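>>> okay, predicted coordinates and the sequence, questions at the end:
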Protein chains: 2
Amino acid sequence: MSANSAFAKLDALGKRLEAIEHAQSMLGVDEAVMMPTGGGEKRAEAMGTLAGMYHEMATSPEVGDWLGDAEAEPLDAMQARAVAEFRRVYTNMTCLSSEFVSRQVNVRIRSEQLWRQLRPTGDWKAFLPAFEGVVEILREEAALRADVLGLTPYDALMEQYDPGNRAADIEPVFADLKRFLKGFIPEAIARQTEKLARRPLKPFNAPFPIERQKALGLAMMEAVGFDFDHGRLDVSHHPFCGGVPTDVRMTTRYVEAEFISSLMGILHETGHGLYEQGLPKEWSHWPVGKARGMTIHESQSLFVEKQIARSAEFWEWAMPHVRTHLGDGALAGWDLEDVLAQVHLIEPGLIRVDADEATYPLHVILRFELEQDLVGGKLAPRDVPEAWDAKMREYLGLSTIDNMKDGPMQDVHWPSGAIGYFPSYTLGAITAAQLWATIERENPNARDDMRHGRFTGLNDWRRDHIWSEASQYPTPELMVRATGEKLNARHFQDHLQRRYLGA
Amino acid sequence: MSANSAFAKLDALGKRLEAIEHAQSMLGVDEAVMMPTGGGEKRAEAMGTLAGMYHEMATSPEVGDWLGDAEAEPLDAMQARAVAEFRRVYTNMTCLSSEFVSRQVNVRIRSEQLWRQLRPTGDWKAFLPAFEGVVEILREEAALRADVLGLTPYDALMEQYDPGNRAADIEPVFADLKRFLKGFIPEAIARQTEKLARRPLKPFNAPFPIERQKALGLAMMEAVGFDFDHGRLDVSHHPFCGGVPTDVRMTTRYVEAEFISSLMGILHETGHGLYEQGLPKEWSHWPVGKARGMTIHESQSLFVEKQIARSAEFWEWAMPHVRTHLGDGALAGWDLEDVLAQVHLIEPGLIRVDADEATYPLHVILRFELEQDLVGGKLAPRDVPEAWDAKMREYLGLSTIDNMKDGPMQDVHWPSGAIGYFPSYTLGAITAAQLWATIERENPNARDDMRHGRFTGLNDWRRDHIWSEASQYPTPELMVRATGEKLNARHFQDHLQRRYLGA
C-alpha cells in the first residue's frame, strides 16, 4: 500500500482519531476517579470541544472520497474488512445532519438533567413533557437512519450499538426465553425456599476492611488473566471499565458489610477489561480493531462474572484465597454451600440493575417490547406507566403503578435518548452461555480447570474466537463463526437449569 | 465584537487549543501519577499526535491573517493586549520551519535519551558528540529566532521562557548578586557553624507515617490558600504542579525518615498552584490569560516556600499544627530554633536542585554565563568540563573535574536543548524577595499576619498584582507595575541578611 493511497490516508486519519479517543477515554476516567468537583465545568467544555473536533474530522466529506477510492484499491481480505467497517461507521456518523444532531443533543441533555432532578421523587408528570420531546426526536432519528441504512426504524437504532442485530431475529429468541422463564423462575424459587429453610443464609462476618478487599480483588483479577502492566483498578461511585486497550482502567466500590458484591463487580468489569486487552494492537486506530458492540462486550463481562465467578467450581478454588486475603475469620462457619446460596440468590424485584441473572432478562424484554412500540408510534410516552406496570405484573408479579421512581424512571437510557440499547444486556447473557457451551463441548475438562484456578484455556479460546476478531464481522456473524450456530437461548436456559435446578 | 470578526475567530481557535492543552496537561499528570508502564508507548504516540494537531492549528497561515485583521479591528485595551500576546506567541511558534523543528526534535530526543543512559556513570566522552549536535542546532535556532525577533541570539532563546527578559538587564543584577554572595556565604556559614556548635542539629523523631505527613501537607496547603475544589495532591516520583487552572494537580513524594523536605516541596508546588488558580478565568483560552513565563511562575513557588514557609514567623504558627497531624512525639525535644536550623541550613554542594537558597544563585549564574558563551560560540561544548570546574571552584570552592555526573551532566536542560531557561530560577528568587519587600512596605504587619496563620492578605496582594495580570505585560513590565521598580537584587540580599545574619 503506497503512502499516497486512500487506504494510507484513512490510516493516518485513524491515528488522529485514536489520539482524540485516547484523550477522551482518559479524561473520562480521570473525571470519575480523580477530578475535584470544581474542575467539572471546564472539563465538560474541553470534552465538548474535543467531541466536536472528532466529529468534524471523522465526518468530513473527504473521508467519504477516501473510502470510495480505497474500496477501488487492491486490498487484502483484512484491509477490505477494515475499509468496510470504516465505511459503516462513517455512514452511521454522517446520516444525521449536524443541525439535527445539535438540536437532538439539546433535547437529550435537558431531558436527562430533568430526569436526574425528578427521579428521586418519581415525579412522572413533571418529567413527561421532556420525555415526549426525547421520543419525538428519537422517532425522527430512527426514520432518518432507517432511510439511509435500509432498515426498519428500530433496527436502525439498534445498529448503532450492535451491528447486524435485527428485531426480527431477536424476537423469537426473547419469546422463547420468556416462555421458559415463566416456568423456571417459580420452580427455582420454590427450590431455593426449601433449601434456605434447611440452611438459612449466613450473616457475613463483617466488617471486611477495604484494603483487604482490594487485595483480594487484585488477586482474583490477576488469576483470571488481567494484565496489570496494561491496566489498573481504582475506586469510583459507579463502577466501570474505561481507558484504552493498552491501559485499561477499571473501577469498583467497596462496602465493609460484605465482600461479595464488590468482588463480583470487579470480576464483571475484568471481563470487559480482558476483551479490551485482547483486541488486535496493530488495528487499534481503525474501527475494525475496536470492540464489537454492546452485546459482545456485555457477553465478555458476563462470561467472567456469571459463567466463571458465580460457578461452584470457581468458589471451590477461590475460598482459600478469600481466607488468605480477608483473614481466616472472613469465612468462619461458611461452607461452599453458604457462598453459593449468596451468589445464586434469586429475588424478583423492581430494579433492573439489582436483578439476579434469572429475572434480569424479563426486565430487558419488558423494555425491548415497550421501546419498539415507542419508536413505532404504537405506544405514546404518556401511556408508558400503565404499559410498564402491566408487564411487570405479568412477568414478575410486581406492580410499579404508584412507584415511577422504581418503574419507568429507574434507568438513564430512555431519558438520555438511548433506545435500542437494552436488548444488549440479555443478548450478552445468552451469548456468554452459548460461548461457555461451545468451550465445554470442545474441552470437557473446562469446569475442572476452573476448580483448579486454571483460566488460561478459557482465555485463549475467547482471545482466538472473540477478542482478536474485534469488529471484523457483524455481531450475528461473529456468533456463528465462534459457536457454529446462531444465537440460541437454549444454552442460557440450560445454564440456568443446571445452576438452579441441578438439572 | 461581531461573531464574524477576526477577534471572534481567534477566540474560537483559542477554545480548541485550550481543549487540546487540557487533554495534554491531564494526560501528563495521569502518566506521572496513575499510568501503568505498559501504557507508555501508546500514550507517547497519542501525545505526539495531539502535539502535532495543536501545532498545525496554532501555526496555520490563516491565524496570521486573523491576527492582522484583528489588529485593525476596534478593540478595547484588554482585547488589544490579548491580540498582541497572541501575535507574540504566533511569531515565536512560526519562526522555525517545520522541517527545522522535526530535525531538531530528533537531535534533542537522541541527546536526552543518551544523557539519561550515561548520566549515572558520568561518561562525558560518550555524551559529547550528542551534546555537540544539540549545541550546534541550538545556535542555528537562536540565529533564526534572533532574525525574526530582532534580538540577540541568547535573548531570542530566553524570550521563549520569559518574554522581555534581556541578558543586558540581567547581567548587572547577577553581577551584583555574585559580588554579594562572595562575602555573604562565608559569613553566614561561620555564623551557622558557631550556632550549631552551641546547639547541634536535632535528629528527627522518625518515622513519620506517610498518611500523617499527607494530612499535614493538605492542612498547610489549605491554610496558605489552596482551593481543593479546584485541585488535589497526589504522589509521583518527581514532584510537580500540573493540570489546568480550574483543576490544579500537585504531587509530592514522602520519606518516613523526616517530614520537612516533603512539606517544603508541597508548599513550593502550592505556590505554583495558587498562581494557576488565580489566573483570570474569562481569558483562560487566550495566551494573555496564561501564566507569565518561568520567572514569575518560579517567583510564586519561591514566595510560598522561601518567603513564607521557611520564615520563623510561619513556623511559630505551624509547629502546633505539625504536632496535631504528626503526633506529639514528632517535635518532642524540638524548639522553634531546632526547626529553623533545619530549614535554614546552608551547605555548598555540587547539585543545583539540592542547593539552599543562598548558594543556589551561584549554580544558576554559572550556567547563565556558560550558556551565553555556548550560544555565542565563545565556548566549545568539549571545553565545558574545564569551564564548569573553574567556576565551581571560584564560586563555591568545589571541584567537579573528575565528576561529570555531578558537574555538567547533572541537569536535563542542556541535553534536552533548553538554553535560556536557567536564569528564571534565580530571577524568580529575586522577584519573590522583591514582592515580599513591597508587601511589607505596604503592610508592616505582614510578618505578624504569618505568625497568626493569616495568609489572606498576602494572597490578595499577589492575586491583584501578579495572578490576575496573567500575560498582559512582559515580565520586566509586570515587575515594575507590581513593585514600582525594576528587578533589584538588593531585596533578595536584604532577605538573606535578615534571615541568616539577623541583620
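That came through fine. Numbers count the residues shown, from 1 in each chain, chains lettered A, B, ... in the order given.
>>> going forward, measure contacts between C-alpha atoms and count neighbours the same way
OK.
>>> how about the strand or helix carrying residue A:499: buried residues?
Using DSSP states H and E, residue A:499 sits in helix A:489-501. For helix A:489-501, a neighbour-count test (16 or more other Cα atoms under 10 Å in any protein chain shown) marks A:489-496, A:499-500 as buried.
>>> I'd like the residues you listed written out as a markdown table, with pLDDT added.
Formatted as a markdown table, the buried residues of helix A:489-501 follow (pLDDT from 0 to 100):
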| residue | pLDDT |
| --- | --- |
| A:489 | 96 |
| A:490 | 97 |
| A:491 | 98 |
| A:492 | 98 |
| A:493 | 98 |
| A:494 | 98 |
| A:495 | 98 |
| A:496 | 98 |
| A:499 | 98 |
| A:500 | 98 |
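>>> now render those as JSON lines, adding distance to chain B.
As requested, the buried residues of helix A:489-501 are exported to JSON lines (distance: Cα to the nearest Cα, whole Å):
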{"residue": "A:489", "distance to chain B": "39"}
{"residue": "A:490", "distance to chain B": "41"}
{"residue": "A:491", "distance to chain B": "38"}
{"residue": "A:492", "distance to chain B": "37"}
{"residue": "A:493", "distance to chain B": "40"}
{"residue": "A:494", "distance to chain B": "40"}
{"residue": "A:495", "distance to chain B": "37"}
{"residue": "A:496", "distance to chain B": "39"}
{"residue": "A:499", "distance to chain B": "38"}
{"residue": "A:500", "distance to chain B": "41"}
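>>> let me know the closest of those to residue A:321.
Ranked by distance to residue A:321 (Cα to Cα), these are led by residue A:499 at 22.9 Å.
>>> which secondary structure state does residue A:251 sit in?
Per DSSP: H, G, I helix; E, B strand; the rest coil, the local secondary structure of residue A:251 is strand.
>>> roughly how far does residue A:38 sit from chain B?
Distance, residue A:38 to chain B, by Cα to the nearest Cα, to the nearest Å: 5 Å.
>>> confirm for me that that residue is in contact with residue B:248.
No. Residue A:38 lies out of contact with residue B:248 (Cα atoms under 8 Å); the separation is 10.3 Å.
>>> mutual contacts of these two, please.
By Cα atoms under 8 Å, 6 or more residues apart in numbering or on different chains, residue A:38 and residue B:248 have these common neighbours: residue B:230.
>>> more crowded one of these two?
Using other Cα atoms under 10 Å in any protein chain shown as the criterion, residue A:38 and residue B:248 rank with residue B:248 on top: 29 against 15.
>>> element containing that one, please.
Residue B:248 belongs to strand B:247-252, assigned by DSSP H and E.
>>> so what does that strand touch, helix or strand wise?
On a contact count with 3 or more Cα pairs under 8 Å, 6 or more residues apart in numbering or on different chains; DSSP states H and E, strand B:247-252 meets strand B:231-235, strand B:241-244, helix B:260-277.
>>> how about stretch A:186-200: buried residues?
A:188-189, A:192.
>>> near chain B, which residues of the stretch 151-300 of chain A?
A:228-232, A:246-247 (Cα under 8 Å from any Cα of the partner chain).
>>> list buried residues within those residues.
Here, 16+ other Cα under 10 Å leaves A:228, A:230-232, A:246-247 buried among those.
>>> tabulate those (a markdown table), appending pLDDT.
Listed next are these as a markdown table, based on pLDDT from 0 to 100:
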| residue | pLDDT |
| --- | --- |
| A:228 | 98 |
| A:230 | 98 |
| A:231 | 98 |
| A:232 | 98 |
| A:246 | 98 |
| A:247 | 98 |
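>>> ok so, going back, paired strands for the strand holding residue B:248, with orientation please.
Sheet pairing of strand B:247-252 (DSSP bridges) gives strand B:231-235 (parallel), strand B:241-244 (antiparallel).
>>> mean neighbour count, those strands: which tops it?
strand B:241-244 (a mean of 23; mean count of other Cα atoms under 10 Å in any protein chain shown).
>>> what about the closest residue to residue A:289 other than its chain neighbours, how many residues close to it?
Spatial nearest neighbour of residue A:289, excluding adjacent residues (Cα to Cα, 6 or more residues apart in numbering or on different chains): residue A:283 at 4.5 Å. Neighbour count for residue A:283, taken as other Cα under 10 Å: 16.
>>> neighbouring contacts of the host helix or strand of residue A:424?
For residue A:424, the host element (DSSP H and E) is helix A:423-442. Helix A:423-442 has contacts (Cα under 8 Å, 6+ apart) with A:161-162, A:294-300, A:302-303, A:307, A:360-361, A:364-365, A:368, A:446-447, A:458, A:461, A:479, A:482-483, A:487-489, A:491-492, A:495.
>>> take these and keep only those in helices.
Per DSSP state H, helices hold the following members of the contacts of helix A:423-442: A:161, A:294-300, A:302, A:360-361, A:364-365, A:368, A:446-447, A:458, A:461, A:479, A:482-483, A:489, A:491-492, A:495.
>>> how about the strands paired with strand B:247-252 in TSV, adding distance to residue B:95?
Shown next, in TSV, are the strands paired with strand B:247-252 (distance: least, Cα to Cα, whole Å):
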stretch	distance to residue B:95
strand B:231-235	35
strand B:241-244	27
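>>> of these, which approaches residue B:409 most closely?
Among the strands paired with strand B:247-252, strand B:241-244 comes nearest to residue B:409, with 24.8 Å by Cα to Cα.
>>> and that closest one, what's its mean pLDDT?
Across strand B:241-244, pLDDT averages out at 98.
>>> that older thread, make CSV out of the buried ones among the residues of the stretch 151-300 of chain A next to chain B and add distance to residue B:145.
Compiled in CSV, those are given as follows (distance: Cα to Cα, whole Å):
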residue, distance to residue B:145
A:228, 46
A:230, 42
A:231, 43
A:232, 45
A:246, 40
A:247, 40
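>>> and of the residues you listed, the nearest to residue A:169?
residue A:246 (35.0 Å).
>>> mind listing what the closest one touches?
If you count contacts by Cα under 8 Å, 6+ apart, then residue A:246 has A:230-231, A:277, B:38-39, B:42 around it.
>>> tell me the gap between the host helix or strand of residue A:187 and the middle of its chain.
Under the criterion of DSSP H and E, residue A:187 resides in helix A:167-198. From the chain centre to the centre of helix A:167-198 is a distance of 22 Å (Cα atoms, centre = their mean, to the nearest Å).
>>> if we can go back for a sec, and the helices and strands packed on strand B:247-252: which comes nearest residue B:76?
Closest to residue B:76 of those is helix B:260-277 (Cα to Cα; 25.0 Å).
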